[in-house]
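*Asks:* Predicted model and sequence below, questions to follow.
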Amino acid sequence: MEQFVMNTKVYMGASCLDHIKDLPGKKAYLICDPFMVKSGKAKEITDLLEEKGCRTEIFGEVVPDPTIEVVSTAISHMKQFKPDTVIALGGGSAIDTAKAASHIYTQMGEEKLYLVAVPTTSGTGSEVTNFSVISDTEAQVKYPLRSDLMVPDAAFLDPHVTMSVPPHITADTGMDVLTHGLEAFVSTNATDFTDAFGEKAIRLVWKHLVSAVDDGSDLDARTHMHNASCLAGLAFNGASLGLCHSMAHALGARFHIPHGRSNAILLPHVISYNAGLEETSAYPACGRYAAIANLLFIGAGTEKATVHGLIRQIKNLLNRVQIPQQITDLNIDKTEFLQAVPEMAEKARFDNCTKTNPRVPSTEDIEGIYRKLCKGGYE
(Lines give C-alpha, C1' and ligand atoms only; values in the text may rest on other atoms or scores of the structure.)
Protein backbone atom coordinates (compact mmCIF):
# COMPACT_ATOMS: atom_id res chain seq x y z
CA MET A 1 0.00 0.00 0.00
CA GLU A 2 1.17 3.52 -0.81
CA GLN A 3 0.10 6.65 1.01
CA PHE A 4 0.74 10.37 0.74
CA VAL A 5 0.18 12.56 3.78
CA MET A 6 0.49 16.34 3.98
CA ASN A 7 -0.07 17.77 7.44
CA THR A 8 1.32 21.28 6.95
CA LYS A 9 -0.87 24.28 6.16
CA VAL A 10 1.19 26.32 3.70
CA TYR A 11 0.77 30.10 3.44
CA MET A 12 2.50 31.52 0.37
CA GLY A 13 3.10 34.72 -1.52
CA ALA A 14 4.34 38.23 -0.82
CA SER A 15 3.53 39.47 2.66
CA CYS A 16 1.84 36.23 3.76
CA LEU A 17 3.97 36.46 6.90
CA ASP A 18 1.70 39.25 8.16
CA HIS A 19 -0.86 36.52 8.89
CA ILE A 20 1.33 34.75 11.42
CA LYS A 21 -0.54 36.72 14.06
CA ASP A 22 -3.69 34.80 13.14
CA LEU A 23 -2.25 31.50 14.39
CA PRO A 24 -3.42 29.92 17.65
CA GLY A 25 -1.19 30.08 20.70
CA LYS A 26 -0.56 32.25 23.75
CA LYS A 27 3.15 31.59 24.35
CA ALA A 28 5.46 31.43 21.34
CA TYR A 29 9.11 30.38 21.44
CA LEU A 30 11.01 31.64 18.37
CA ILE A 31 14.13 29.70 17.33
CA CYS A 32 16.63 31.40 15.00
CA ASP A 33 20.31 32.23 14.53
CA PRO A 34 22.10 35.31 15.90
CA PHE A 35 21.81 37.19 12.59
CA MET A 36 18.01 37.05 12.70
CA VAL A 37 18.14 38.67 16.13
CA LYS A 38 20.68 41.33 15.08
CA SER A 39 18.88 42.18 11.83
CA GLY A 40 15.59 42.69 13.68
CA LYS A 41 13.73 40.02 11.65
CA ALA A 42 13.04 37.99 14.79
CA LYS A 43 11.58 41.04 16.51
CA GLU A 44 9.33 41.74 13.51
CA ILE A 45 7.67 38.38 14.09
CA THR A 46 7.45 38.66 17.86
CA ASP A 47 5.95 42.15 17.45
CA LEU A 48 3.21 40.72 15.22
CA LEU A 49 2.47 38.04 17.80
CA GLU A 50 2.50 40.44 20.74
CA GLU A 51 -0.07 42.61 18.94
CA LYS A 52 -2.62 39.88 19.66
CA GLY A 53 -1.46 39.38 23.25
CA CYS A 54 0.83 36.41 22.69
CA ARG A 55 3.85 36.18 25.02
CA THR A 56 7.12 35.50 23.22
CA GLU A 57 10.69 34.47 23.88
CA ILE A 58 13.58 34.32 21.37
CA PHE A 59 16.25 31.62 21.26
CA GLY A 60 18.91 33.05 18.94
CA GLU A 61 21.70 30.49 19.30
CA VAL A 62 21.24 28.33 16.21
CA VAL A 63 24.48 27.42 14.41
CA PRO A 64 25.09 26.02 10.91
CA ASP A 65 24.80 22.23 10.90
CA PRO A 66 22.85 22.29 14.22
CA THR A 67 24.48 20.31 16.98
CA ILE A 68 23.22 18.10 19.76
CA GLU A 69 24.43 20.73 22.23
CA VAL A 70 22.38 23.55 20.67
CA VAL A 71 19.25 21.39 20.56
CA SER A 72 19.76 20.49 24.23
CA THR A 73 20.14 24.16 25.18
CA ALA A 74 16.95 25.08 23.33
CA ILE A 75 15.04 22.33 25.15
CA SER A 76 16.37 23.54 28.50
CA HIS A 77 15.03 27.05 27.82
CA MET A 78 11.71 25.65 26.59
CA LYS A 79 11.23 23.76 29.84
CA GLN A 80 11.46 27.07 31.70
CA PHE A 81 9.27 29.11 29.33
CA LYS A 82 6.70 26.33 28.65
CA PRO A 83 5.52 27.50 25.21
CA ASP A 84 2.49 26.19 23.36
CA THR A 85 3.93 27.26 19.99
CA VAL A 86 7.42 27.04 18.50
CA ILE A 87 8.34 29.16 15.48
CA ALA A 88 11.46 28.40 13.42
CA LEU A 89 12.85 31.41 11.55
CA GLY A 90 15.75 30.84 9.19
CA GLY A 91 17.26 28.27 6.86
CA GLY A 92 17.44 24.53 7.32
CA SER A 93 19.58 24.79 10.44
CA ALA A 94 16.99 26.83 12.35
CA ILE A 95 14.09 24.68 11.18
CA ASP A 96 15.91 21.42 11.94
CA THR A 97 16.83 22.72 15.40
CA ALA A 98 13.22 23.67 16.12
CA LYS A 99 11.87 20.36 14.84
CA ALA A 100 14.30 18.25 16.86
CA ALA A 101 13.91 20.35 20.02
CA SER A 102 10.09 20.36 19.82
CA HIS A 103 9.95 16.62 19.21
CA ILE A 104 12.27 15.74 22.10
CA TYR A 105 10.49 18.24 24.36
CA THR A 106 7.18 16.50 23.67
CA GLN A 107 8.73 13.06 24.16
CA MET A 108 9.80 14.18 27.63
CA GLY A 109 6.17 14.29 28.66
CA GLU A 110 5.27 17.86 27.74
CA GLU A 111 2.20 18.76 25.67
CA LYS A 112 2.39 18.64 21.87
CA LEU A 113 3.55 21.98 20.52
CA TYR A 114 2.15 23.85 17.53
CA LEU A 115 5.15 24.05 15.19
CA VAL A 116 5.56 26.83 12.63
CA ALA A 117 8.32 27.18 10.03
CA VAL A 118 9.33 30.43 8.34
CA PRO A 119 12.09 29.54 5.85
CA THR A 120 14.39 32.40 4.88
CA THR A 121 16.31 30.44 2.25
CA SER A 122 14.97 28.46 -0.70
CA GLY A 123 16.67 25.15 -0.21
CA THR A 124 15.90 22.56 2.42
CA GLY A 125 12.13 22.13 2.16
CA SER A 126 12.35 21.35 5.86
CA GLU A 127 9.17 23.35 6.47
CA VAL A 128 7.04 20.45 5.19
CA THR A 129 9.12 17.35 5.99
CA ASN A 130 9.49 14.90 8.83
CA PHE A 131 13.29 15.04 8.59
CA SER A 132 15.78 16.83 10.84
CA VAL A 133 19.56 16.57 10.48
CA ILE A 134 21.58 17.03 13.67
CA SER A 135 25.39 16.98 13.93
CA ASP A 136 27.63 15.30 16.47
CA THR A 137 30.74 17.48 16.28
CA GLU A 138 32.87 15.12 18.33
CA ALA A 139 32.13 12.08 16.17
CA GLN A 140 32.00 14.22 12.97
CA VAL A 141 28.71 12.61 12.02
CA LYS A 142 25.37 14.00 10.81
CA TYR A 143 22.31 12.12 12.03
CA PRO A 144 19.19 12.33 9.82
CA LEU A 145 16.26 12.01 12.24
CA ARG A 146 12.82 11.13 10.94
CA SER A 147 9.42 11.22 12.64
CA ASP A 148 5.97 12.28 11.47
CA LEU A 149 5.69 14.17 14.76
CA MET A 150 8.33 16.61 13.47
CA VAL A 151 6.28 17.81 10.50
CA PRO A 152 5.44 21.52 11.03
CA ASP A 153 1.79 22.42 11.44
CA ALA A 154 2.16 25.62 9.40
CA ALA A 155 4.70 27.10 6.99
CA PHE A 156 4.98 30.64 5.64
CA LEU A 157 6.60 30.99 2.20
CA ASP A 158 7.13 34.74 2.00
CA PRO A 159 9.66 35.49 -0.77
CA HIS A 160 10.47 38.88 0.75
CA VAL A 161 12.47 37.21 3.53
CA THR A 162 14.79 35.65 0.92
CA MET A 163 15.63 38.87 -0.91
CA SER A 164 18.77 39.61 1.09
CA VAL A 165 20.25 36.10 0.78
CA PRO A 166 23.70 36.43 -0.89
CA PRO A 167 24.26 34.93 -4.36
CA HIS A 168 26.52 32.08 -3.20
CA ILE A 169 23.98 30.92 -0.61
CA THR A 170 21.15 31.26 -3.16
CA ALA A 171 23.19 29.05 -5.50
CA ASP A 172 23.99 26.43 -2.86
CA THR A 173 20.45 26.18 -1.55
CA GLY A 174 19.00 26.16 -5.06
CA MET A 175 21.16 23.20 -6.01
CA ASP A 176 19.94 21.47 -2.85
CA VAL A 177 16.39 21.87 -4.19
CA LEU A 178 17.39 20.38 -7.54
CA THR A 179 19.03 17.43 -5.78
CA HIS A 180 15.93 16.87 -3.62
CA GLY A 181 13.73 16.74 -6.70
CA LEU A 182 16.01 14.41 -8.65
CA GLU A 183 16.67 12.03 -5.76
CA ALA A 184 12.99 11.81 -4.88
CA PHE A 185 12.15 11.09 -8.53
CA VAL A 186 14.55 8.13 -8.81
CA SER A 187 13.94 6.87 -5.25
CA THR A 188 12.77 3.30 -4.80
CA ASN A 189 9.85 4.79 -2.82
CA ALA A 190 8.74 7.20 -5.57
CA THR A 191 5.02 7.35 -6.40
CA ASP A 192 2.90 9.26 -8.88
CA PHE A 193 2.22 11.83 -6.15
CA THR A 194 5.86 12.41 -5.21
CA ASP A 195 6.80 12.46 -8.91
CA ALA A 196 4.37 15.32 -9.50
CA PHE A 197 5.96 17.48 -6.80
CA GLY A 198 9.50 16.51 -7.82
CA GLU A 199 8.99 17.23 -11.51
CA LYS A 200 7.55 20.67 -10.86
CA ALA A 201 10.31 21.57 -8.40
CA ILE A 202 13.01 20.55 -10.89
CA ARG A 203 11.45 22.57 -13.68
CA LEU A 204 11.14 25.67 -11.48
CA VAL A 205 14.79 25.48 -10.41
CA TRP A 206 15.90 24.95 -14.00
CA LYS A 207 14.03 28.08 -15.07
CA HIS A 208 14.58 30.46 -12.14
CA LEU A 209 17.77 29.63 -10.20
CA VAL A 210 20.16 31.60 -12.40
CA SER A 211 17.90 34.65 -12.28
CA ALA A 212 17.66 34.47 -8.48
CA VAL A 213 21.45 34.21 -8.20
CA ASP A 214 22.15 37.00 -10.71
CA ASP A 215 19.58 39.41 -9.26
CA GLY A 216 18.51 38.79 -5.69
CA SER A 217 15.85 41.51 -5.96
CA ASP A 218 13.98 39.59 -8.68
CA LEU A 219 10.79 38.91 -6.74
CA ASP A 220 9.37 36.61 -9.42
CA ALA A 221 12.46 34.37 -9.39
CA ARG A 222 12.58 34.41 -5.59
CA THR A 223 8.90 33.44 -5.38
CA HIS A 224 9.29 30.50 -7.74
CA MET A 225 12.46 29.27 -6.02
CA HIS A 226 10.74 29.44 -2.62
CA ASN A 227 7.83 27.43 -3.99
CA ALA A 228 10.22 24.96 -5.65
CA SER A 229 11.97 24.35 -2.33
CA CYS A 230 8.69 23.50 -0.65
CA LEU A 231 7.51 21.30 -3.53
CA ALA A 232 10.78 19.36 -3.48
CA GLY A 233 10.36 18.94 0.27
CA LEU A 234 6.93 17.41 -0.30
CA ALA A 235 8.47 15.07 -2.89
CA PHE A 236 11.23 13.70 -0.70
CA ASN A 237 9.11 13.65 2.43
CA GLY A 238 7.11 10.95 0.68
CA ALA A 239 9.81 9.28 -1.42
CA SER A 240 12.91 9.91 0.73
CA LEU A 241 16.30 10.65 -0.86
CA GLY A 242 19.37 8.78 -2.04
CA LEU A 243 23.11 8.35 -2.18
CA CYS A 244 23.94 11.95 -3.06
CA HIS A 245 22.50 13.13 0.25
CA SER A 246 24.16 10.31 2.19
CA MET A 247 27.54 11.26 0.75
CA ALA A 248 26.87 14.97 1.28
CA HIS A 249 26.07 14.32 4.95
CA ALA A 250 29.41 12.57 5.47
CA LEU A 251 31.35 15.11 3.39
CA GLY A 252 29.79 18.10 5.13
CA ALA A 253 30.31 16.66 8.60
CA ARG A 254 33.98 15.95 7.91
CA PHE A 255 34.98 19.11 6.02
CA HIS A 256 32.23 21.60 6.99
CA ILE A 257 31.13 22.29 3.43
CA PRO A 258 27.64 23.83 3.13
CA HIS A 259 25.11 21.06 2.57
CA GLY A 260 23.77 22.37 -0.74
CA ARG A 261 27.28 22.78 -2.13
CA SER A 262 28.19 19.24 -1.06
CA ASN A 263 25.16 17.95 -2.95
CA ALA A 264 25.96 20.07 -5.99
CA ILE A 265 29.50 18.78 -6.51
CA LEU A 266 28.44 15.17 -5.94
CA LEU A 267 25.27 15.21 -8.04
CA PRO A 268 26.75 14.64 -11.55
CA HIS A 269 28.81 11.70 -10.30
CA VAL A 270 25.93 10.09 -8.41
CA ILE A 271 23.64 10.40 -11.44
CA SER A 272 26.28 8.69 -13.59
CA TYR A 273 26.69 5.90 -11.02
CA ASN A 274 22.95 5.33 -10.49
CA ALA A 275 22.27 5.27 -14.23
CA GLY A 276 25.17 2.88 -14.88
CA LEU A 277 26.70 5.14 -17.54
CA GLU A 278 30.10 3.52 -17.08
CA GLU A 279 28.66 0.00 -17.27
CA THR A 280 27.95 -2.08 -20.38
CA SER A 281 24.22 -2.00 -19.71
CA ALA A 282 22.29 0.88 -18.21
CA TYR A 283 20.58 0.51 -14.83
CA PRO A 284 16.81 1.07 -14.36
CA ALA A 285 17.38 4.58 -12.97
CA CYS A 286 18.77 5.59 -16.36
CA GLY A 287 15.24 5.70 -17.74
CA ARG A 288 14.03 7.82 -14.84
CA TYR A 289 16.81 10.36 -15.31
CA ALA A 290 16.13 10.37 -19.06
CA ALA A 291 12.46 11.16 -18.36
CA ILE A 292 13.52 14.21 -16.34
CA ALA A 293 15.94 15.25 -19.07
CA ASN A 294 13.14 15.11 -21.62
CA LEU A 295 10.98 17.32 -19.39
CA LEU A 296 13.82 19.86 -19.51
CA PHE A 297 14.01 19.52 -23.32
CA ILE A 298 17.33 17.68 -23.14
CA GLY A 299 17.23 14.80 -25.59
CA ALA A 300 19.51 12.45 -27.52
CA GLY A 301 19.28 9.19 -29.45
CA THR A 302 19.41 6.81 -26.48
CA GLU A 303 18.58 6.95 -22.79
CA LYS A 304 22.28 6.82 -21.90
CA ALA A 305 23.11 9.65 -24.29
CA THR A 306 20.21 11.66 -22.86
CA VAL A 307 21.48 11.21 -19.29
CA HIS A 308 24.98 12.23 -20.44
CA GLY A 309 23.31 15.38 -21.77
CA LEU A 310 21.52 15.96 -18.46
CA ILE A 311 24.83 15.75 -16.61
CA ARG A 312 26.47 18.19 -19.02
CA GLN A 313 23.65 20.68 -18.50
CA ILE A 314 23.86 20.32 -14.70
CA LYS A 315 27.59 21.06 -14.94
CA ASN A 316 26.79 24.10 -17.08
CA LEU A 317 24.32 25.24 -14.43
CA LEU A 318 26.99 24.86 -11.73
CA ASN A 319 29.31 27.03 -13.79
CA ARG A 320 26.62 29.69 -14.29
CA VAL A 321 25.94 29.94 -10.54
CA GLN A 322 29.68 29.76 -9.78
CA ILE A 323 29.80 26.55 -7.77
CA PRO A 324 33.23 24.85 -7.96
CA GLN A 325 33.32 21.23 -9.06
CA GLN A 326 36.64 20.12 -7.60
CA ILE A 327 37.22 19.48 -3.93
CA THR A 328 40.53 21.37 -4.09
CA ASP A 329 38.64 24.50 -5.18
CA LEU A 330 36.95 24.47 -1.77
CA ASN A 331 40.23 25.02 0.12
CA ILE A 332 40.42 21.36 1.09
CA ASP A 333 43.77 19.60 0.97
CA LYS A 334 43.64 16.77 -1.55
CA THR A 335 45.76 14.40 0.55
CA GLU A 336 43.63 15.00 3.64
CA PHE A 337 40.47 14.46 1.59
CA LEU A 338 41.68 11.17 0.11
CA GLN A 339 42.70 9.93 3.55
CA ALA A 340 39.16 10.65 4.79
CA VAL A 341 37.45 8.87 1.89
CA PRO A 342 37.21 5.36 3.43
CA GLU A 343 35.64 6.63 6.66
CA MET A 344 33.22 8.95 4.81
CA ALA A 345 32.23 6.14 2.45
CA GLU A 346 31.43 3.82 5.32
CA LYS A 347 29.25 6.46 7.00
CA ALA A 348 27.47 7.24 3.72
CA ARG A 349 26.75 3.59 3.05
CA PHE A 350 24.83 3.24 6.32
CA ASP A 351 23.12 6.63 6.14
CA ASN A 352 19.30 6.30 6.11
CA CYS A 353 19.07 8.09 2.75
CA THR A 354 21.01 5.28 1.06
CA LYS A 355 18.16 2.84 1.74
CA THR A 356 16.04 4.32 -1.06
CA ASN A 357 18.82 4.88 -3.59
CA PRO A 358 17.94 3.19 -6.90
CA ARG A 359 21.25 1.32 -7.00
CA VAL A 360 22.63 -0.50 -3.96
CA PRO A 361 26.21 0.73 -3.48
CA SER A 362 29.16 -1.01 -1.91
CA THR A 363 31.63 0.91 0.23
CA GLU A 364 34.09 0.62 -2.66
CA ASP A 365 31.55 2.15 -5.07
CA ILE A 366 31.11 5.14 -2.76
CA GLU A 367 34.85 5.55 -2.33
CA GLY A 368 35.19 5.65 -6.12
CA ILE A 369 32.61 8.44 -6.40
CA TYR A 370 34.33 10.50 -3.71
CA ARG A 371 37.69 10.15 -5.47
CA LYS A 372 36.20 11.56 -8.67
CA LEU A 373 35.82 14.89 -6.87
CA CYS A 374 39.59 15.30 -7.21
CA LYS A 375 39.59 14.76 -10.95
CA GLY A 376 37.85 17.89 -12.10
CA GLY A 377 34.36 16.51 -12.33
CA TYR A 378 32.50 14.05 -14.52
CA GLU A 379 34.10 13.44 -17.88
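*Replies:* It's in.
*Asks:* quick check: domain ranges of this protein?
*Replies:* Recorded structural domains for the chain (assignment: automatic domain parsing) are 9-162, 167-372.
*Asks:* Out of the ones you listed, flag the one nearest residue 2.
*Replies:* Nearest to residue 2, of all the domains of the chain, is domain 167-372, at 5.1 Å by Cβ to Cβ. For every residue, glycine as well, the C-beta is placed using N, CA and C.
*Asks:* Where does the prediction get shaky in the stretch 151-300 of the chain?
*Replies:* Applying pLDDT under 70 to the stretch 151-300 of the chain picks out no residues at all.
*Asks:* the strands in it, which residues?
*Replies:* When assigned using DSSP state E, counting those that start in this stretch, the strands of the stretch 151-300 of the chain occupy the ranges 154-157.
*Asks:* now the helices for it?
*Replies:* 167-186, 192-214, 219-239, 243-255, 259-275, 285-295 (DSSP state H, counting those that start in this stretch).
*Asks:* coming back round to it: so can I have a markdown table of the domains of the chain showing mean neighbour count and distance to residue 2?
*Replies:* Formatted as a markdown table, the entries for the domains of the chain read as follows, by neighbours: other Cβ atoms under 10 Å; distance: least, Cβ to Cβ, whole Å:
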| stretch | mean neighbour count | distance to residue 2 |
| --- | --- | --- |
| domain 9-162 | 20 | 16 |
| domain 167-372 | 21 | 5 |
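*Asks:* And these: which comes nearest residue 1?
*Replies:* Taking those one by one with Cβ to Cβ, domain 167-372 is closest: 10.9 Å.
*Asks:* Can you get me the start-to-end distance on the closest one?
*Replies:* As for domain 167-372, its first-to-last residue distance stands at 27 Å under the measure Cα to Cα, to the nearest Å.
*Asks:* want to try JSON lines for the helices of the stretch 151-300 of the chain, with distance to residue 85 as columns?
*Replies:* Compiled in JSON lines, these are given as follows (distance: least, Cβ to Cβ, whole Å):
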{"stretch": "helix 167-186", "distance to residue 85": "26"}
{"stretch": "helix 192-214", "distance to residue 85": "27"}
{"stretch": "helix 219-239", "distance to residue 85": "21"}
{"stretch": "helix 243-255", "distance to residue 85": "30"}
{"stretch": "helix 259-275", "distance to residue 85": "27"}
{"stretch": "helix 285-295", "distance to residue 85": "39"}
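*Asks:* Which among those helices is found nearest to residue 334?
*Replies:* Nearest to residue 334, of all the helices of the stretch 151-300 of the chain, is helix 243-255, at 11.8 Å by Cβ to Cβ.
*Asks:* helices and strands around the closest one, which ones?
*Replies:* Judged by 3 or more Cβ pairs under 8 Å, 6 or more residues apart in numbering; DSSP states H and E, the packing partners of helix 243-255 are strand 141-146, helix 167-186, helix 259-275, helix 334-349, helix 363-372.
*Asks:* before we move on, the earlier item: closest to residue 357 out of the helices of the stretch 151-300 of the chain?
*Replies:* Once Cβ to Cβ is applied to the helices of the stretch 151-300 of the chain, the stretch that comes out nearest is helix 243-255, at 4.3 Å.
*Asks:* Check this protein and tell me which residue is nearest its centre.
*Replies:* residue 124 (2.6 Å; Cα atoms, centre = their mean).
*Asks:* Wait, that one touches residue 99, no?
*Replies:* No - assessed by Cβ atoms under 8 Å, residue 124 is found out of contact with residue 99, at 10.8 Å.
*Asks:* Can you give me the pLDDT of the residue nearest to the centre of the chain?
*Replies:* pLDDT, residue 124: 90.
*Asks:* For it, which non-adjacent residue is closest in space?
*Replies:* Nearest residue to residue 124, sequence neighbours excluded (Cβ to Cβ, 6 or more residues apart in numbering): residue 92, at 3.3 Å.
*Asks:* Next one, pLDDT for residue 379 please.
*Replies:* pLDDT recorded at residue 379 is 42.
*Asks:* re earlier: so which of the helices of the stretch 151-300 of the chain gets nearest residue 7?
*Replies:* In this view, the helices of the stretch 151-300 of the chain are compared for proximity to residue 7 by Cβ to Cβ, and helix 219-239 is the closest at 9.8 Å.
*Asks:* Apart from its chain neighbours, what residue comes closest to residue 36?
*Replies:* Among residues not flanking residue 36 along the chain, residue 42 sits closest, at 4.6 Å (Cβ to Cβ, 6+ apart).
*Asks:* same deal with residue 371?
*Replies:* With Cβ to Cβ, 6+ apart as the measure, residue 341 is the residue that lies nearest to residue 371, at 6.3 Å, once sequence neighbours are left out.
*Asks:* Next up, the contacts around that neighbour.
*Replies:* Contacts here follow Cβ atoms under 8 Å, 6 or more residues apart in numbering; on that basis residue 341 touches 367, 370, 371.
*Asks:* quick one: residue 176 from residue 116, how far?
*Replies:* In this view, residue 176 and residue 116 are 22 Å apart by Cβ to Cβ, to the nearest Å.
*Asks:* before we move on, back to that, pretty sure the residue nearest to residue 36 sits against residue 87.
*Replies:* No - checked against Cβ under 8 Å, the pair residue 42 and residue 87 is beyond contact range at 9.3 Å.
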